[in-house]
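[1] dropping a prediction and its sequence here:
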Amino acid sequence: MQKIAISVAILLTGLAIACSRNTPGPQMTATPAVINCAAAEVPSNVPPTPNTIDSTCAKIPTDMNGTGDTQPGPDLYSWLTFVAVNWPVDPSTCTGNTNASILTATPDPVWLSYLSDDDIFVASGSPANWCHGTGPQGARFASADEARAAQRTGRLAKLPPKVRALAEQHPDVRLFLHHSSKGHGLISTTKLTSVPVPLKEILDATGQPVTDQNGRFVRYTINIGPIEYQYIMQNKLWTAAGQQATGALTFTNGAMEFKAAWKVLGANDDLTRYFTQKAIVYNDEDGSPSPGPNPVTVGLAGLHIIQKTPRQPHWLWSTFVQTDVDMAFNNPNCPAAQCPPNVQTAPTPYVELNSDGSPRNKPVQVVGVIPTTAATYNSAFQGLLKGTPWANYRLISTQWQGGSGPPTKPPKLGNPLLETFVSQTNPYSCLDCHNFAQTSPGGSKSDFSFVINAKQ
């Protein structure tokens, strides 16, 4: 037996030596499993973080993944959604083009192909057709170029005469930015004169213009996803009669809204670090184009994404900010006595520029008050998106309610460019504010949406 044991030992030693000659040394590591966006959405207690970007990332996730009342699941959902809605669009269908890649294609995000609130809540006639002609009332256009041309024609028709004349000279311009504050649309939607204190604070904050370090106002847009558009159309919610007949609103799962903050980019801004668009900017007050160069190049500086899901009937609230915002909206060399944080600088009536195009207002010293909850996911997705403008955005956090219902997690959430002028001693909350949303003053609940605005 002893001889047999010795022989076996010798044999095993020989096999080990032979194998060691073909075994990777310490400098070699095993190839990690490929985890794409689809894999991250497979039901799991702890969903994995993607380590590759492929065509599965063009699909907007239907719900958050993971179990338990913990923050990583909602924050992963937010990043998966951010990649999907910023995927290059197929303009003929207004969905992600799976034959293109967010890593290599010219940035042309899906969400920007969605109709704006101005396209839907019209003072006369009917809302625009979905995807420039593929909606309930229209037929598909023959080409993407024809579809976009139709969209632009429809938007030009709503512009003030002076702005329309300028726009007709610049057929490459897609954005016409008249909101000097997010609050313009919010206040006109709610038409509230007596509201609870938390909402008053939000209205006051977003009703004021945010001035960047170049003396330019931040501009805002609102876009609405296809499922929410269908619900609005089915119930004729752009009309008072439709709202009255519908009563309290209950949006369908998958409803989405996008609120974007746009910065006019100047010589001291790095355009390669932003998603940029050509835009014509003008004032609400008189409908005249702003003085100075116009059109201008604007960069996406902040983005709210909200989506109603089966697990989140009070919506999931995601907010992103461009990573250069601290420099673009904050002067670290200005003491607080001279540059108090988050205080309006533009006097009323709001005028952005002097007649010669020079700055008229001091910059607002913007200071974020909400800590990020998504540092790990920010690093992971910024690495995956390296080489694209999208690598220069970060998730602040995702507000949601756990499986056991309230309380809200995290309890407070806001974006430094979308809710700037809120007291730091009483930070803001998406759900707390939107809980007061109504179809009209004293009207029915509008399911957390301030977008609903009957103009007929």
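    Received the coordinates, thanks. These numbers were taken from a predicted model, which means no experiment stands behind them.

[2] rest of the way, CA atoms for contacts and neighbours
    OK.

[3] where does pLDDT dip in the stretch 1-150 of the chain?
    Along the stretch 1-150 of the chain, segments meeting pLDDT under 70 span 1-32, 132-144.

[4] could I get the full set of strands for it?
    89-90, 95-96 (DSSP state E, counting those that start in this stretch).

[5] so how far is the first one off the chain centroid?
    To tie it back to what came earlier, the one meant is strand 89-90. Between the centre of strand 89-90 and the centre of its chain there are 17 Å (C-alpha atoms, centre = their mean, to the nearest Å).

[6] the strands of the stretch 1-150 of the chain into JSON lines, with extra columns for distance to Pro389 and mean neighbour count?
    Formatted as JSON lines, the strands of the stretch 1-150 of the chain follow (distance: least, C-alpha to C-alpha, whole Å; neighbours: other C-alpha atoms under 10 Å):
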{"stretch": "strand 89-90", "distance to Pro389": "16", "mean neighbour count": "22"}
{"stretch": "strand 95-96", "distance to Pro389": "18", "mean neighbour count": "25"}
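
[7] mind putting the ones you listed in a markdown table, distance to Asn331 included?
    A markdown table is the format used below for the strands of the stretch 1-150 of the chain (distance: least, C-alpha to C-alpha, whole Å):
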| stretch | distance to Asn331 |
| --- | --- |
| strand 89-90 | 37 |
| strand 95-96 | 39 |
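
[8] which one of these lies closest to Cys131?
    strand 95-96 (9.3 Å; C-alpha to C-alpha).

[9] give me the contact list for the closest one.
    Ala58, Lys59, Ala84, Val85, Trp87, Pro88, Val89, Asp90, Val110 (C-alpha atoms under 8 Å, 6 or more residues apart in numbering).

[10] out of those residues, which comes closest to Leu431?
    Among those, and counting by C-alpha to C-alpha, the member closest to Leu431 is Val85, at 22.3 Å.

[11] quick one: contacts for that closest one?
    Counted by C-alpha under 8 Å, 6+ apart, Val85 has contacts Ala58, Ile60, Gly96, Pro109, Val110, Trp111.

[12] repeat that for 6 Å
    Counting by C-alpha atoms under 6 Å, 6 or more residues apart in numbering, Val85 touches Val110, Trp111.

[13] how near is it to Asn65?
    As judged by C-alpha to C-alpha, to the nearest Å, Val85 and Asn65 stand 18 Å apart.

[14] same question, Asn415
    24 Å.

[15] before we move on, what about Asn268?
    For Asn268 relative to Asn65 (C-alpha to C-alpha), the value is 41 Å.

[16] out of the strands of the stretch 1-150 of the chain, which gets nearest to Thr211?
    Nearest to Thr211, of those and by C-alpha to C-alpha, is strand 89-90 at 31.5 Å.

[17] what packs against that closest one?
    strand 95-96 (3 or more C-alpha pairs under 6 Å, 6 or more residues apart in numbering; DSSP states H and E).

[18] would you list the phi and psi of Val298?
    phi -110, psi 150 (degrees, to the nearest 10).

[19] ok, the closest residue in space to it that isn't next to it in sequence - how many residues close by?
    In space, and not counting its chain neighbours, Val298 is closest to Val264: 4.4 Å by C-alpha to C-alpha, 6 or more residues apart in numbering. Per other C-alpha atoms under 10 Å, the neighbour tally for Val264 reads 23.

[20] surely Val264 touches Leu300?
    No - here Val264 does not reach Leu300: they are 9.2 Å apart, not a contact under C-alpha atoms under 6 Å.

[21] show me the shaky parts of the stretch 201-350 of the chain.
    For the stretch 201-350 of the chain, the ranges with pLDDT under 70 are 201-206, 285.

[22] all strands for it, in order.
    Using DSSP E, counting those that start in this stretch, strands in the stretch 201-350 of the chain cover 219-224, 256-264, 276-281, 296-309, 312-322.

[23] mind checking these for the one nearest to Pro407?
    strand 312-322 (11.9 Å).

[24] higher neighbour count, Asn268 and Asn65?
    Asn65 (23 against 10).

[25] which ones are touching the more buried one?
    With C-alpha under 6 Å, 6+ apart, Asn65 has these contacts: Gly73.

[26] if we use 8 Å, what do you get?
    Counted by C-alpha under 8 Å, 6+ apart, Asn65 has contacts Glu41, Val42, Pro43, Ser44, Asn45, Val46, Pro47, Gly73, Pro74, Tyr77.

[27] and what of Ser446?
    Ala248, Leu249, Thr250, Ala437, Gln438, Thr439, Ile452.

[28] what's the helix or strand for Thr153?
    helix 144-157 (DSSP states H and E).

[29] list the helices and strands that helix packs on?
    If contacts are counted by 3 or more C-alpha pairs under 8 Å, 6 or more residues apart in numbering; DSSP states H and E, helix 144-157 sits against helix 161-168.

[30] list the buried residues for the helix it packs on?
    Val163, Arg164, Ala167 (16 or more other C-alpha atoms under 10 Å).

[31] quick one: the helices in the stretch 1-150 of the chain?
    Ranges of helices within the stretch 1-150 of the chain are 2-20, 37-40, 72-85, 117-120, 144-157, based on DSSP state H, counting those that start in this stretch.

[32] and what of the stretch 251-400 of the chain?
    325-328, 375-384.

[33] may I see those helices organised as CSV, with distance to Cys334 and mean neighbour count added?
    Listed next are those as CSV, based on distance: least, C-alpha to C-alpha, whole Å; neighbours: other C-alpha under 10 Å:
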stretch, distance to Cys334, mean neighbour count
helix 325-328, 12, 18
helix 375-384, 28, 17
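
[34] return the member of these having the minimum mean pLDDT.
    Among those, helix 325-328 has the lowest mean pLDDT, at a mean of 92.

[35] check contacts around Pro359.
    Pro359 neighbours (C-alpha under 8 Å, 6+ apart): Asn214, Gly215, Arg216, Glu352, Leu353.

[36] again, only this time at 7 Å
    Residues near Pro359 by C-alpha atoms under 7 Å, 6 or more residues apart in numbering: Gly215, Leu353.

[37] likewise Leu413?
    Ile370, Gln399, Tyr428, Ser429, Cys430.

[38] in strands, which of those appear?
    Gln399 (DSSP state E).

[39] compare the contacts of Leu413 and tell me which is most surrounded.
    Neighbour counts for the contacts of Leu413 (other C-alpha under 10 Å) peak at Gln399, which has 27 neighbours.

[40] quick check: that one touching Trp317?
    Yes - under the criterion of C-alpha atoms under 7 Å, Gln399 makes contact with Trp317 at 4.9 Å.

[41] what's the separation between Tyr77 and Gly357?
    Taken as C-alpha to C-alpha, the span from Tyr77 to Gly357 is 42 Å.

[42] which of those two has more neighbours?
    With neighbours defined as other C-alpha under 10 Å, Tyr77 and Gly357 compare such that Tyr77 has more, 23 against 12.

[43] measure Val89 to Tyr114 for me?
    Val89 sits 10 Å away from Tyr114, going by C-alpha to C-alpha.

[44] kindly report the same for Asp284.
    Asp284 is 23 Å from Tyr114, by C-alpha to C-alpha.
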